[in-house]
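Visitor: Dropping the sequence and predicted coords here.
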Amino acid sequence: MHSSEGMANQRQNDRIRKWTPVFLVLASVLLLLSMQLLLGKDPFKPSTYNSYTRQAMQWRKGEIALDENVVHLELAVYRGRYYVSFPPVPTVPVYLLTFIFGENVPDALLNMLYGVASCLLIFVILKRRTRAPALSAVWAFLICFASSMLPILTDGAVWYQAQMLAFLLTVGAMERMQKGAVTTALILFALSVGCRPFNVLLGPLLVLYGVREHMQGSSIREITRLLLPGVLFGMSIAAAYMWYNYIRFDDVLEFGHNYLPEFNRDGHTQFAVWHIVEHIPIFVFGLPFQTVDGALVFKKFGFSFLLASPVFICYLLWTARDVIRWRFTWPVAVTFSIFILHVLLLLSHRTGGGFQYGARYFVDCIPYVIFYLVLRKGDEGSPAHLGLTRVPWAEYSLLVFGLVHNIVGTYFINI
């Protein structure tokens with residue numbers, strides 16, 4: 001009798017494991033479509049800020065420069081010609097879609113698909129680590145959508161596409177590295193840098209993860225043999241970026257931002273140390289609302305990235321716990337150090353992200369949290385060796401707060 005009950009429970013658990021990713025995708029799609037409905041948007045309608053579609057249509061004509069200036073877009077002006085001032089990789093999937101949709105690529109829908117795919121990949125990464133499908137699905141959902149990622153998934157504007165494709169390629173690289181597909185992982189990583197250049201900081205962590213996961217005990221020669229094909233492919237992709245930059249701006253490292261009109265005016269330096277000083281009160285300590293005519297209203301130009309994406313508060317608390325318990329291992333220390341460097345570089349940018357609810361630039365730093373979860377040393381006796389196997393009510397409270405306020409705030413700044 002007990003044996004039959006055990007078999008029944010096993011079958012039920014197997015069904016849960018089988019259907020968990022399906023439920024996760026459905027929950028993600030339902031949330032994002034609900035946000036579209038709430039905001040009165042049409043995910044099939046092209047964004048006004050459709051720089052990548054315009055660039056793709058020029059590629060189809062064998063051109064790189066746009067035919068004319070488009071005032072509301074961030075176009076670089078060089079030698080009297082107008083160029084899309086963003087790294088080129090996000091144009092590639094849009095280019096393919098233009099053969100179906102022409103100039104009317106549904107970039108908002110595309111961006112939503114990037115978000116759903118990212119969530120699913122994070123689930124896969126955590127499930128392999130925890131062997132707890134339901135728990136991994138909950139955490140994947142909250143890591144993605146209880147953050148500044150949710151507001152940028154409601155629109156297909158050029159800035160948001162670049163961030164979300166970079167994020168998707170980054171977690172894709174992590175998933176492939178976890179699986180042992182080292183070359184594919186490094187190619188995906190190189191492509192992510194072609195969306196968000198600061199993603200280059202994640203490269204050492206990806207290699208570290210691959211070495212720890214699949215190459216421990218191997219000789220330097222063997223590690224080099226495994227890494228070399230991916231490194232060479234990555235360098236080839238980097239060379240393509242440099243060539244593309246050179247034929248546009250006569251500079252292999254320039255992708256256009258320094259030729260934006262706003263950065264050609266006095267006092268509008270793109271990156272500077274003094275921007276960090278200016279931005280710390282906003283993007284570290286700033287509240288999500290302000291007083292206007294005696295009433296509290298949600299901010300439209302950014303606030304504390306810790307409040308915007310509470311997973312970073314969890315990360316800081318986990319790190320403090322590891323220090324107190326003497327479990328701050330060198331891989332975790334390296335991850336945290338590069339995370340702080342990345343944060344400082346984002347704070348050094350003049351705008352810090354511009355118009356949106358939250359602090360969208362810092363979505364780029366969420367992969368550090370995932371790296372922490374897969375690299376840290378877990379509690380003794382934990383079968384998954386991961387701190388997520390116990391019910392972390394404090395973390396859940398923070399993340400549910402993040403989900404709710406991102407939904408509410410995104411609505412109120414768009415009405």
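Guide: Thanks, I have the structure now.
Visitor: Now do the same contact list for residue 45.
Guide: The contact partners of residue 45, by C-beta atoms under 8 Å, 6 or more residues apart in numbering, come to 106, 108. For the C-beta atoms, the positions are set from N, CA and C on the backbone; glycine is no exception.
Visitor: SS state for it?
Guide: Of the three states, residue 45 takes coil under DSSP: H, G, I helix; E, B strand; the rest coil.
Visitor: cool, residue 303 as well?
Guide: Quick answer, by three-state DSSP: residue 303 is coil.
Visitor: for residue 116, same thing?
Guide: At residue 116 the chain is in helix, as set by three-state DSSP.
Visitor: Figure out the helix or strand that the nearest residue to it once chain neighbours are set aside lives in.
Guide: The spatially closest residue to residue 116, leaving aside those adjacent along the chain, is residue 28, at 4.6 Å (C-beta to C-beta, 6 or more residues apart in numbering). Using DSSP states H and E, residue 28 maps to helix 2-39.
Visitor: do residue 371 as well
Guide: Going by DSSP H and E, residue 371 is part of helix 366-375.
Visitor: so where's the stretch 151-300 of the chain shaky on pLDDT?
Guide: The model of the stretch 151-300 of the chain has pLDDT under 70 over residues 262-268.
Visitor: So which residues of it form strands?
Guide: 289-292, 295-298 (DSSP state E, counting those that start in this stretch).
Visitor: re the thing from before, and the residue nearest to residue 116, what is it in contact with?
Guide: When contacts are counted by C-beta under 8 Å, 6+ apart, residue 28 touches 115, 116, 119, 120, 141, 144, 145.
Visitor: other SSEs contacting the strand or helix carrying residue 128?
Guide: Secondary-structure element containing residue 128, defined by DSSP H and E: helix 107-130. Other helices and strands packing on helix 107-130, by 3 or more C-beta pairs under 8 Å, 6 or more residues apart in numbering; DSSP states H and E, are helix 2-39, helix 91-101, helix 133-145, helix 158-179, helix 366-375.
Visitor: Kindly present these as CSV, with separate columns for distance to residue 224.
Guide: Shown next, in CSV, are the helices and strands packed on helix 107-130 (distance: least, C-beta to C-beta, whole Å):
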stretch, distance to residue 224
helix 2-39, 36
helix 91-101, 30
helix 133-145, 33
helix 158-179, 16
helix 366-375, 22
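Visitor: what's the most buried one of these?
Guide: Among these, helix 158-179 has the highest mean neighbour count (mean count of other C-beta atoms under 10 Å), at a mean of 24.
Visitor: by how many degrees do the helix holding residue 371 and helix 107-130 diverge?
Guide: Interaxial angle, helix 366-375 versus helix 107-130 (axes from the mean of the first three to the mean of the last three C-alpha atoms, to 10 degrees): 20 degrees.
Visitor: OK, contacts around the most centrally placed residue in the chain?
Guide: When C-alpha atoms, centre = their mean is applied to the chain, the residue found nearest the centroid is residue 167 (3.0 Å). Neighbour list for residue 167: 114, 118, 149, 192, 363, 364, 366, 367 [criterion: C-beta under 8 Å, 6+ apart].
Visitor: Without its sequence neighbours, what residue ends up closest to residue 290?
Guide: Using C-beta to C-beta, 6+ apart, the closest residue to residue 290 is residue 299 (5.5 Å).
Visitor: That neighbour and residue 288 touch, don't they?
Guide: Yes: contact criterion C-beta atoms under 8 Å: residue 299 and residue 288 qualify, at 5.8 Å.
Visitor: Tell me the residues that contact both of those two, please.
Guide: In contact with both residue 299 and residue 288: residue 357, using C-beta under 8 Å, 6+ apart.
Visitor: Would you format the strands of the stretch 151-300 of the chain as JSON lines with mean neighbour count included?
Guide: Converted to JSON lines, those look like this (neighbours: other C-beta atoms under 10 Å):
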{"stretch": "strand 289-292", "mean neighbour count": "12"}
{"stretch": "strand 295-298", "mean neighbour count": "12"}
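Visitor: how about those, which one is nearest residue 93?
Guide: Closest to residue 93 of the strands of the stretch 151-300 of the chain, according to C-beta to C-beta: strand 295-298, at 32.2 Å.
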